[in-house]
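Asks: Provided below for reference: sequence and predicted model.
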Amino acid sequence: MSIIHCFPHRGNLRNLNLLSIPGRISNYGQKKRYFTTQQNRSKNIKKNFSVLFRKTVYTIRSYNVVTIGDKIMKTFLRALWHGLLVILCGVFLGVFIFAGYQLYNTFYGYHAASKEYDNLNQQYVSTQPSAEPTSEQTLEPTPTPTAEVVEETPPVVSGPISVDFNSLLSQNSQVVGWIYSPDTVISYPVLKGGDNEYYLHHTLNGTENASGSIFMDAVCEPDLSGDNTILYGHHMNNGSMFASLANYKQEGYLEAHPVLYYYTPNQVYMLQVFS
């Protein structure tokens, strides 16, 4: 009985001990595992916090450097683009205004010169032919005066128009002649200044104009007594002044316009075109 009595007692103690020890081991294991888990969790938290901190710092740094930099760069580029557009628009507008101004000056100059020369033709040129040469007058040059020969007025050749040089000279004393080509726009006064510059851009009335005037070279003789006489005139884009002389390059134009007439206060010259 004692054995039986003791057995369960011992057994209980043993079982208790046996059960207690494993239980303690189990609790220790649980505590160790819990402690390990807590350590791992702390490590993981620290690790995660470190990673999160690094990510946060990287994100903040990235946000500050890249995003704000992008905004600044985009703002700068946008402002630069707008500035370039404003500059280009200003340049184009300036070019447009300048071109318009030049076109206005050109066409206004054409109109003003054409109007002035039309008025000169109406005032000083008559469609009545010039005086016919008399029987005593010849087309030969006047001989050089000597003691026995009295100087006479040069012979007058008939021309298709007549020019009032007296009135014309009262307006400008530098008028030396008038050039005329039948059936063309060439019907202009010829002037002779002190140089070959002034009448390039000035009309008979002294008005500054790109068309200028037909003028004689400053070294030539006004009475055409020199070996060569040179007349200058612009080739205007509207066909005025001496622009029609370029038509002599066309076949048949020479046959239609074989001569020009040059008038002086004393004589009319017929100019034969040969080249």
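Replies: Sure, I can see it.

Asks: so where's the chain shaky on pLDDT?
Replies: 1-67, 69, 130-157, 275 (pLDDT under 70).

Asks: what segments of it are helices?
Replies: Along the chain, the segments classed as helices by DSSP state H run 2-62, 68-124, 165-171, 253-256.

Asks: and the second one, what other elements does it pack with?
Replies: Read it as helix 68-124. helix 165-171, strand 187-191 (3 or more C-beta pairs under 8 Å, 6 or more residues apart in numbering; DSSP states H and E). From N, CA and C alone the C-beta is placed, and that goes for glycine too.

Asks: tilt between it and strand 187-191?
Replies: 90 degrees (axes from the mean of the first three to the mean of the last three C-alpha atoms, to 10 degrees).

Asks: hmm, back to that, looking at the helices and strands packed on helix 68-124, which is closest to Gly90?
Replies: Gly90 sits nearest to strand 187-191 of all these, at 43.1 Å, using C-beta to C-beta.

Asks: neighbouring strands for the closest one, and are they parallel or not?
Replies: Within its sheet, strand 187-191 is paired with strand 175-180 (antiparallel), strand 214-216 (parallel), according to DSSP bridges.

Asks: please look at Gly239 and Thr184 and confirm they touch.
Replies: No: taking C-beta atoms under 8 Å as the definition, Gly239 is not a contact partner of Thr184, at 9.3 Å.

Asks: which one's more surrounded, the two?
Replies: Set Gly239 next to Thr184 and count neighbours by other C-beta atoms under 10 Å: Thr184 wins out with 16 against 13.

Asks: got a list of what that one touches?
Replies: Contacts for Thr184 (C-beta atoms under 8 Å, 6 or more residues apart in numbering) come out as 244, 257.

Asks: any idea how far it is from Asn238?
Replies: 14 Å (C-beta to C-beta, to the nearest Å).

Asks: from Gln122, how far out is Glu116?
Replies: For Glu116, the distance to Gln122 - C-beta to C-beta - is 11 Å.

Asks: quick one, which of the two is more surrounded?
Replies: More crowded of Glu116 and Gln122, by other C-beta under 10 Å: Glu116, with 16 against 9.

Asks: let me know the distance separating that one from Leu93.
Replies: 34 Å.

Asks: repeat for Tyr188
Replies: 39 Å.

Asks: out of those two, which sits in the busier spot?
Replies: Shown here are Tyr188 and Leu93; by other C-beta under 10 Å, Tyr188 has more neighbours (25 against 10).

Asks: residues in contact with that one?
Replies: Contacts of Tyr188 (C-beta under 8 Å, 6+ apart): 117, 120, 178-179, 213-214, 233, 241.

Asks: now those residues in TSV, with distance to Phe98?
Replies: Listed next are these as TSV, based on distance: C-beta to C-beta, whole Å:
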residue	distance to Phe98
Tyr117	28
Leu120	32
Trp178	38
Ile179	35
Ser213	27
Ile214	30
Gly233	28
Met241	25
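
Asks: what is the most widely separated pair among these?
Replies: Going by C-beta to C-beta, the pair spanning those furthest: Leu120 and Gly233, at 14.8 Å.

Asks: hmm, back to that, distance to Gln267 for the strands paired with strand 187-191 - can I get that in JSON lines?
Replies: Shown next, in JSON lines, are the strands paired with strand 187-191 (distance: least, C-beta to C-beta, whole Å):
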{"stretch": "strand 175-180", "distance to Gln267": "9"}
{"stretch": "strand 214-216", "distance to Gln267": "15"}
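
Asks: out of those strands, which is closest to Leu103?
Replies: Across these, closest to Leu103 is strand 214-216 (C-beta to C-beta), at 25.1 Å.

Asks: and the contacts of the closest one?
Replies: The contact list for strand 214-216 (C-beta under 8 Å, 6+ apart) reads 176-177, 179, 188-193, 196, 199-200, 222, 229-233, 241-242.
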